[in-house]
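[1] Need coordinates for the below:
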Amino acid sequence: MKRYLILAALLPLCLGLWANQYVAGIPVRLIRSPFQEESLNQAMRRLSEEGCAILHYDADQAIALVPEGKYQDYRLAELDTAQKLYLVGKIPGQSRPELGAGGRLLLELADAYLFESPLDEIQLREQITHPFTRLGLEPMRFSQTALPAASPRAARTDIDQMVALVNAASVQSTIQSLQDFQTRYARADNRLQVAQWIQQKFISYGVTDAVLQQFMWQNTIQYNVVATIPGTTYPNQYIVVGGHHDSISNNSDPYLFAPGADDNASGSVAALEMARVMMASGYQPRSSIRFVTFAAEEFGLWGSKHHAHTANLAGENIRLMINHDMIANQSGPQPWQVCLMPYDGSIDHSAYAALITEQYTDLDTYYGGLNSGSSDSHPFWQNGFHVIYFFEDEFSPVYHTSQDVVANLNPAYCAEVIKASVACAASFADMPSSPVGLSAQDWGDGSTILLTWENLNDPLISYYNVYYSTVFGDWGAPLTTSSNYLSVQGLTQGQLYHFAVGSVDNFGNESYLVYTTAMPLSVPLQPQNFIDQPLYQSILLDWDDNREHDFAGYRLYRSSQPDELGQQIGGLLTESEYLDNDVVGSPSYYYYSLCAVDQDGNASPFTQVVKSRPVTLDQGVLIVDETEDMGGTNPFMPTDQQADDFYAYASANFTTTELDINSLDENLRLADIGIYSSIIWHGNDQASMDYPYFARDALNQYIQAGGNVFFSVYFPSLAFELNVNYPGNFNSDSFIYDVIGIASADYSGNAARFRFAIPAQGQIPAVSVDPEKTLSVMNGHIIRVESIGASPGCATIYNYGTDYADDTPQGAMAGMPVGVLNLNQSGKVCVVSFPLYNIYQDDARNLIDYVLTEYFGETFSPAEDPGLAPAGGISISTNHPNPFKGETSFRLELKNNTRPVLVEIYNLRGQKVRSLFVGYSPKSVVHSWDGLDDFGSAVSSGIYIIRTSQDGVAAQRRIALVK
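    As a prediction, this is how the structure comes out:
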């Protein structure tokens, strides 16, 4: 399973975040060298699938985050949270910009520079005049559609009519109106006024669905303007027509005067003028056309970043984004040219735009630099949307100056570019819808692939074009079919083929192509995505369906040794999953292998071996050692052995196993921890503190299965949420808030001194810092102890203790919470934000004893005689909330988890309402009831009974449901 992380740039605490991640500049020739025939786009997709997070690329270089061991010769820098990555665009005639102290050039590309710098975008803008964008750490996405090669089409009367309505005088007047604001600087106070004026302009043209899209940037509210003409046939598919409306000036005070006529009133007016002529002509697009003028572009494309990212998260179907940035400077006579800035993956879109432009206008076209990061098209491309970008032929000599005024523009040239964009928007909006659900099925004869796709029942679709090639994009003449399937024959066995299908309407307009790959074989394909999911006392194995025509089934093997195939289990399987119940919890793993079999008995290659263990929660306590093996030169840098010895003593009353996180060659999995009833997780060094963040999935599964965890780590909010901002408050649906039980965090800095933890709950023992485990200058105190506030329903168990007065920097955190207990999950979680290693050893032992016995239900070793059956016994906790509306939860505690248990809901007449659970259960687990009966119908208000039973032992509790 691939892991994609969406991270904001974090402030530095010298904590070793993203250890072993590097920024690399990888030559494209190196990436493509094993596959000379593949396209640039295919090469980048493959690089992404290899685990490299691509941030940007051009024809020669790919900027990517790479893990340890990959592309070592092309590393530019280790990822540093104190630095930001900026892609700075080149300006014709200007030299490389200087970023000042701390700025460093990492890589020069064809049309941009990659810098790292500690400056934020406001500080950077004060240093340079060049366009720039800050590269986030989220990897690029790639579009899943293509476009057939551009070919001449008959002129459309409706497009001719709209083009004829584009008026140079109207364009000039609207640009002048935007200039008359004096400034549209993103930090000026009139930004709302500017946005509202643009909004009302759209409304005056008849585009009534015109709204302001707000977003926060640098503690200011910014406003994109979004106006939409709904589509008649495909209202949920969009053509986005954009251009930013903010401006800047480098030779005047931008708060007072930044006219920005060319940059970029011209681009905003393109959207306005296009809306005007479309409404005036009565044009009704098949797909929706969304006009957007973006805010805060001059500081790094923030308006378009927000819109593109929001659209991607919402799963919007954006067919195309058409960008306009500086389209009004032209000093020469006709014939004129316009520059199309192409983007990889959308090259055919630019080619089609060039053909349309030359068909409907007097402009000639040519291509600029590839994948420009200097304008609002870039975030859409990064989010996997297709883009076209119109840019003026002559770069403005008054760029970013107070001389960028209407008098220095050519409105007729601007109008001609807008005509081209009108024609493009209408042409792309009126394409038929693309096929959906394309799949390729190997026929099994070594030469045939069956393609199928969904029948959309779209009356506009006349037939389909089917393309295939051994080189992606190098399509020949298409095959045609009016059905939603086609058998492609005469292929070469063992050759990978690319297939693409497009819809064609009765006017000959062809949709975007959807594509897939397949290889004709006479033996089955190797099963893909073979994974395990540990469950309670069982293991679920899962893999992708085999859709080959002559597929017969799967053979699954289980072994106790990684290098042995073992025995076949389950017979010939026909489903793509298998639940293995014949397993037990032990320190040893099970090893599974899988192959597919066809109807002639041919077997595929085996999958890679998957190792797993069930969740049993019966193998004692696991000590997870996150502490790095430091030099031991001071108490805050213990060696691995020092930490191991400390925790061996502190947990000596229990049966324990140790797991050193640094010894794992992959991320922590549920199979690694699910056999243990409780975990003690410690991180006692001040180096890398972020491992729990990357283990959240495994930890969440473990806790939901009934496992308990006691965390003693520095900066829990960083460990679980990568937080370094204080005070910090967390979303109620976040892992740290819901599963761990921490709602907030605070830290007053390294001046604060911690010496002891003040108990805030029951009989929990007091603990103090061991003076031998700190520096003498700290007077028996330690630093870097964060305050953690409990989520609702969770408990604070410790408060911050110090010998310093609370009105001093050292005592500023006195009395703040530093320990949290969460009993709301099936498993229980206890977190302290101080390192036990620096606490008196006996205090640490007393604390571990108390938490594990009183809260986690552990018993001191030696355990009960394993030859005796565990004693029976069931208890049900008070449900919460009670009375309840909607849903209530309760904890079930079992003394014996070796026998199945039944959990049911009854009404007061003794009638069973709902069976909640039957089967084997952990000793402690949380169940919930949503007020529905076994048929999914809501029950009426009243008193109900939770009844549990196991081998003749029963327990029950009354609960109240109100409406």
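
[2] Run through the residues that contact residue 901.
    Residue 901 is in contact with 874, 892, 894, 917, 918, 919, 920, 921, 948, 949, 950, counting by CB atoms under 8 Å, 6 or more residues apart in numbering. From N, CA and C alone the C-beta is placed, and that goes for glycine too.

[3] same check, this time on residue 354
    150, 340, 365.

[4] Report the backbone C-alpha coordinates of whichever strand or helix holds it in CSV.
    For residue 354, the host element (DSSP states H and E) is helix 347-360. The C-alpha atoms that make up helix 347-360 are tabulated as CSV, following Å, rounded to 0.1, in the frame of the first residue of the first chain:
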residue,chain,number,x,y,z
ILE,A,347,0.7,18.4,-24.7
ASP,A,348,-2.1,17.2,-27.0
HIS,A,349,-4.4,19.7,-25.3
SER,A,350,-2.0,22.5,-26.2
ALA,A,351,-1.8,21.1,-29.8
TYR,A,352,-5.6,21.1,-30.0
ALA,A,353,-5.6,24.6,-28.6
ALA,A,354,-3.1,25.7,-31.3
LEU,A,355,-5.3,24.2,-34.1
ILE,A,356,-8.4,25.9,-32.7
THR,A,357,-6.6,29.2,-32.3
GLU,A,358,-5.4,29.3,-35.9
GLN,A,359,-8.9,28.2,-37.1
TYR,A,360,-10.9,30.9,-35.3
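
[5] Report the distance from it to the chain centre.
    In this view, helix 347-360 has its centroid 34 Å away from the chain centroid, taken as CA atoms, centre = their mean, to the nearest Å.

[6] Other residues contacting the next helix-or-strand element following that helix?
    Counting by DSSP H and E, the next helix or strand C-terminal to helix 347-360 is strand 364-367. Residues outside strand 364-367 that contact it (CB under 8 Å, 6+ apart): 335-342, 350, 353-354, 357-358.

[7] ok, now with 10 Å
    Residues outside strand 364-367 that contact it (CB atoms under 10 Å, 6 or more residues apart in numbering): 335-342, 347, 350-351, 353-358, 390, 393, 420.

[8] How about it, which residues are buried there?
    residue 365 (16 or more other CB atoms under 10 Å).

[9] Direction included, what does that strand pair up with?
    Looking at strand 364-367 with DSSP bridges, its partner strands are strand 337-340 (parallel).

[10] What are the contacting residues of the partner strand?
    326-327, 330, 349-351, 353-354, 357-358, 361, 363-369, 388-395, 413, 416-417, 420-421, 424.

[11] Looking at whichever strand or helix holds residue 105 now, give me its mean pLDDT.
    Under the criterion DSSP H and E, the helix or strand holding residue 105 is strand 104-108. Averaging pLDDT along strand 104-108 yields 95.

[12] Following the chain past it, name the next helix or strand.
    In N-to-C order, the element after strand 104-108 by DSSP H and E is strand 112-117.

[13] Distance of the spatially closest residue to residue 667 that is not a sequence neighbour relative to residue 506?
    Using CB to CB, 6 or more residues apart in numbering and skipping residues adjacent in sequence, the residue nearest residue 667 is residue 694, 5.9 Å away. Using CB to CB, to the nearest Å, we find residue 694 at a distance of 53 Å from residue 506.

[14] okay, how far is it across stretch 26-41, tip to tip?
    This stretch, stretch 26-41, spans 15 Å end to end (CA to CA, to the nearest Å).

[15] May I see the buried residues of that stretch?
    Here stretch 26-41 shows 26, 28, 31, 32, 38, 39, 40, 41 as buried, counting by 16+ other CB under 10 Å.

[16] now, which of the contacts of residue 354 sits nearest residue 202?
    Within those, proximity to residue 202 (CB to CB) peaks at residue 340, which comes in at 25.9 Å.

[17] which regions of this structure lie under the pLDDT threshold?
    1-20, 34-36, 152, 629-632, 685-688, 861-872 (pLDDT under 70).

[18] That one - how does it break down into domains?
    Domains of the chain are assigned by automatic domain parsing as 21-140, 170-217+239-429, 439-518, 549-612, 621-855, 874-961.

[19] Would you tell me which one of these is buried the most?
    domain 170-217+239-429 (a mean of 22; mean count of other CB atoms under 10 Å).

[20] Could you tell me the end-to-end distance of it?
    Chord length of domain 170-217+239-429, first to last residue, is 24 Å (CA to CA).

[21] returning to that earlier point: just the contacts of residue 354 now: which is nearest residue 606?
    Closest approach between the contacts of residue 354 and residue 606, by CB to CB: residue 150, at 45.7 Å.

[22] State the distance from the closest one to residue 349.
    According to CB to CB, residue 150 stands 9 Å off from residue 349.

[23] Repeat that for residue 734.
    39 Å.

[24] which pair in the buried residues of stretch 26-41 spans the largest distance?
    26 and 39, at 16.6 Å, using CB to CB across these.

[25] Can you tell me the SS state at residue 818?
    Secondary structure, DSSP: H, G, I helix; E, B strand; the rest coil: residue 818 is strand.

[26] in what helix or strand does residue 149 lie?
    Using DSSP H and E, no helix or strand contains residue 149.

[27] Going forward, the N-terminal residue is numbered 522.
    I'll keep to 522 as the first residue from here, and by that count the last item is residue 670.

[28] returning to that earlier point: for the contacts of residue 1422, which one is nearest residue 744?
    Residue 744 has its nearest neighbour among the contacts of residue 1422 in residue 1438, at 51.1 Å by CB to CB.

[29] how long is stretch 1399-1412 from one end to the other?
    End-to-end distance (CA to CA), stretch 1399-1412: 8 Å.

[30] rewinding a little: dump the buried residues of stretch 547-562 into CSV; add secondary structure as well.
    CSV is the format used below for the buried residues of stretch 547-562 (three-state DSSP):
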residue, secondary structure
547, strand
549, helix
552, helix
553, helix
559, coil
560, coil
561, helix
562, helix
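
[31] which ones are touching the residue nearest to residue 908 when sequence neighbours are not counted?
    Nearest-residue entry for residue 908: residue 898, 4.2 Å, with adjacent residues in sequence omitted and distances by CB to CB, 6+ apart. Shown in contact with residue 898 (CB under 10 Å, 6+ apart): 761, 763, 822, 825, 829, 842-846, 862, 864, 867, 892, 906-912.

[32] Mind checking which of those residues are in strands?
    761, 763, 842, 843, 844, 845, 908, 909, 910, 911, 912 (DSSP state E).

[33] which one of the residues you listed sits closest to residue 1183?
    residue 908 (43.6 Å).

[34] and the closest residue in space to residue 1009 that isn't next to it in sequence, bridged to which residues?
    Nearest residue to residue 1009, sequence neighbours excluded (CB to CB, 6+ apart): residue 970, at 5.0 Å. Per DSSP bridges, the residues bridged to residue 970 are residue 963, residue 1009.

[35] How much space separates residue 970 from residue 1038?
    Taking CB to CB, one finds residue 970 at 10 Å from residue 1038.

[36] between those two, what contacts are shared?
    Joint contacts of residue 970 and residue 1038 (CB under 10 Å, 6+ apart) are 961, 989, 1018, 1020.

[37] which of those sit farthest apart?
    The widest separation within these (CB to CB) is 9.7 Å, between 961 and 989.

[38] what's the overlap in contacts for these two?
    Shared contacts of residue 961 and residue 989 (CB under 10 Å, 6+ apart): 970, 972, 1009, 1018, 1019, 1020, 1036, 1038, 1039.

[39] Quick check: strands, which of the residues you listed are part of them?
    970, 972, 1009, 1018, 1019, 1020, 1036, 1038, 1039.

[40] Could you save these as CSV and add columns showing distance to residue 594?
    Listed next are these as CSV, based on distance: CB to CB, whole Å:
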residue, distance to residue 594
970, 40
972, 42
1009, 42
1018, 34
1019, 31
1020, 37
1036, 34
1038, 31
1039, 35
